[in-house]
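Undergrad: Here is the input, now give the coordinates:
(chains A, B, C and D)
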Protein chains: 2
Amino acid sequence: MAKRILIVDDEPDICEILRFNLEMDGYDVLTAEGAEEAQRIVDNYLSAGNSIDLILLDVMMTPKSGFEWAKELKSDARTVGVPIIFCTAKTLEEDLLQGFAIGSDDYIFKPFRISEVKARVKAVLRRTRAESEESKTILPGPTSSNIIKYEGLVINLDRKECYVDNKEVLFTRLEFEVLALLLSKPGQVFSRERILQVAWPSNTIVLDRTVDVHITRIRKKIGRYGDYLRAKFSYGYMFGR
Amino acid sequence: MAKRILIVDDEPDICEILRFNLEMDGYDVLTAEGAEEAQRIVDNYLSAGNSIDLILLDVMMTPKSGFEWAKELKSDARTVGVPIIFCTAKTLEEDLLQGFAIGSDDYIFKPFRISEVKARVKAVLRRTRAESEESKTILPGPTSSNIIKYEGLVINLDRKECYVDNKEVLFTRLEFEVLALLLSKPGQVFSRERILQVAWPSNTIVLDRTVDVHITRIRKKIGRYGDYLRAKFSYGYMFGR
DNA sequence: CGAAGGTGTTAAATTCTTGTTAAACTTTTG
DNA sequence: CAAAAGTTTAACAAGAATTTAACACCTTCG
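TA: Numbering: from 1, shown residues only, chains lettered A, B, ... in the order given. The predicted structure follows:
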């Protein structure tokens, strides 16, 4: 799978130039123009069970500097291992930066040559791949969340959250339960009766038309995946193409 | 227990770089951007019964220079023994600095290499530990604390204490137990039933509305982290972004 | 005992969820 | 094809869940 790189720079032009070049090299590229937006992206991807493999981080940003954000990343168990390449103007002492970078981190000075950025990215990703394969043998790994995916449709059973192409979509409880059930066995048709039995609290008695209404509501929320939520005439519903 | 280092420098970037590196080495780090703020921190910590083990002090600061403040520290019985590492640009006479530094103090010139700072810090703290152990024949022995962190939100399970951005916040027992549970698995939704089961003494029977009230009370106490204590409608509560 | 602080309940405001209905639409069946 | 059966959808009213303040009842501790 393609490595996913997050570029954080408050200069949109720089983001776009980097995006273009790194996408050419076959990476998945995300961009953010500040720490706050970047954090949102990171949260979304991680809770949806996707990894971020590298962050290209501008040091000089307002209101939160790249350093500050990096510190937060390093104090969060989920992101402590994500390598960072710091970008900064040459004014800062090189040694300081070197001290800041830990683990697989790296740093690079502006104005940079694109070829240099590409080389560093490649080097950092090679290093982390090597590292993670070393530790794979020993470590149980950070708690992997309880996640069901179908292409870009993801539900996180721990968080009770649903993501559509990496954007969180708010679900009510019943909607969540119904989708979780159907998604747990794509291609399996569930009768309305069975859906009510599983997704509704026990002892609730409602018309089975109710299921239809919920299906409609879910369809609207999951966008392009709505079509996958299919009625099987006179049997019930199923998730799948 | 981790040694506590106070960094005083009017350049926030330098504070942050030093903080990052020293925290990585396992120190507790405080920063201040001037003598006045630094004095407040020192007062707070000392009156709360916490020690400051080392001060990394920039000499060139306005309005009060590092030298001036150091003089005050040396004339205060509570702080006369706290070692200081003075940082200054190379322009100052080395002899002058050497003359100023007394006891376990040290000095270091900017621009410094991080590795050098780390080495000096380690050396100074070793020296002071040696000194203080002369006078303490019986040590209680360092205890590795049981700590859960989420960014600046820290709870110490041994001491049953909670810190918000390095300031202690008083928690009641139930509040502490509830937060500890949620914080033990960020991103996991806990039902009210489960929270009552775990955080309340066994055999207590209370309405589950009670949990809500405690959540509200905790939210108020943890300030900016209050938003991370999230209700998942009709499921329960979860800690996380 | 009395003060201080912790805890559970209540109630009201607010916000969000859900079942039903009804009408339009689609598919199946005779 | 026409009737019957099944599905989709919008709208709405009922009611469930959450947040908070307030208060009463505890326990603890001097």
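
Undergrad: quick one: residue A:167 and residue A:12, what's the gap?
TA: Look at residue A:167 and residue A:12: by C-beta to C-beta, to the nearest Å, they are 21 Å apart. Heads up, the C-betas are built off the backbone N, CA and C, glycines and all.

Undergrad: Ok, residue A:198 next?
TA: Distance from residue A:198 to residue A:12, by C-beta to C-beta: 47 Å.

Undergrad: Comparing those two, which residue is more hemmed in?
TA: Taking other C-beta atoms under 10 Å in any protein chain shown, residue A:198 and residue A:12 do not tie; residue A:198 has more neighbours (13 against 10).

Undergrad: Do I have it right that the more buried one meets residue A:177?
TA: Yes - judged on C-beta atoms under 8 Å, residue A:198 makes contact with residue A:177 at a distance of 7.3 Å.

Undergrad: okay, now residue A:53: neighbour count?
TA: By other C-beta under 10 Å, neighbour count at residue A:53 equals 21.

Undergrad: How about the contacts made by it?
TA: A:3, A:4, A:5, A:82, A:83, A:125, A:128 (C-beta atoms under 8 Å, 6 or more residues apart in numbering or on different chains).

Undergrad: Go again with 10 Å.
TA: Counting by C-beta atoms under 10 Å, 6 or more residues apart in numbering or on different chains, residue A:53 touches A:1-6, A:27-28, A:82-83, A:121, A:124-125, A:128-129, A:132.

Undergrad: likewise residue A:106?
TA: A:54, A:56, A:83-87, A:97-98, A:120-121, A:123-124, A:127.

Undergrad: So which of these is the closest to residue A:151?
TA: Set against residue A:151, the nearest of the contacts of residue A:106 by C-beta to C-beta is residue A:54 (23.7 Å).

Undergrad: what are the bridge partners for the closest one, then?
TA: residue A:5 (DSSP bridges).

Undergrad: is it true that it touches residue A:125?
TA: Yes - assessed by C-beta atoms under 10 Å, residue A:54 is found in contact with residue A:125 at 6.0 Å.

Undergrad: quick one, which of these two is more surrounded?
TA: residue A:54 (24 against 17).

Undergrad: Residue A:79 versus that one, what's the distance?
TA: Taking C-beta to C-beta, one finds residue A:54 at 12 Å from residue A:79.

Undergrad: any idea how far residue A:30 is from the residue nearest to the spatial centre of chain A?
TA: For chain A, residue A:45 is the residue whose C-alpha lies nearest the centre (C-alpha atoms, centre = their mean; 1.2 Å). According to C-beta to C-beta, residue A:45 and residue A:30 sit 8 Å apart.

Undergrad: again, but for residue A:50
TA: 10 Å.

Undergrad: Now the common contact residues for these two.
TA: Counting by C-beta under 10 Å, 6+ apart, the contacts common to residue A:50 and residue A:30 are A:4, A:44, A:166.

Undergrad: Just the buried residues of those.
TA: By neighbour count, with 16 or more other C-beta atoms under 10 Å in any protein chain shown, the shared contacts of residue A:50 and residue A:30 hold A:4, A:44 as buried.

Undergrad: would JSON lines of the shared contacts of residue A:50 and residue A:30 with distance to residue B:224 and pLDDT be doable?
TA: Below are those laid out as JSON lines (distance: C-beta to C-beta, whole Å; pLDDT from 0 to 100):
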{"residue": "A:4", "distance to residue B:224": "29", "pLDDT": "96"}
{"residue": "A:44", "distance to residue B:224": "21", "pLDDT": "90"}
{"residue": "A:166", "distance to residue B:224": "26", "pLDDT": "89"}
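
Undergrad: Also within reach of chain B: list those from the shared contacts of residue A:50 and residue A:30.
TA: residue A:44 (C-beta under 10 Å from any C-beta of the partner chain).

Undergrad: What is the nearest of the shared contacts of residue A:50 and residue A:30 to residue A:215?
TA: residue A:166 (23.6 Å).

Undergrad: OK, contacts around that closest one?
TA: Residues in contact with residue A:166 (C-beta under 10 Å, 6+ apart) are A:30, A:41, A:44, A:45, A:47, A:48, A:50, A:152, A:154.

Undergrad: again with residue A:209
TA: Contacts for residue A:209 (C-beta under 10 Å, 6+ apart) come out as residue A:192.

Undergrad: per-residue confidence at it?
TA: Looking at residue A:209, its pLDDT stands at 95.

Undergrad: Show me which residues of chain A sit near DNA strand D.
TA: By C-beta under 7 Å from any atom of the strand, the residues of chain A that approach DNA strand D are A:209, A:212-213, A:215-216, A:219-220, A:231-237.
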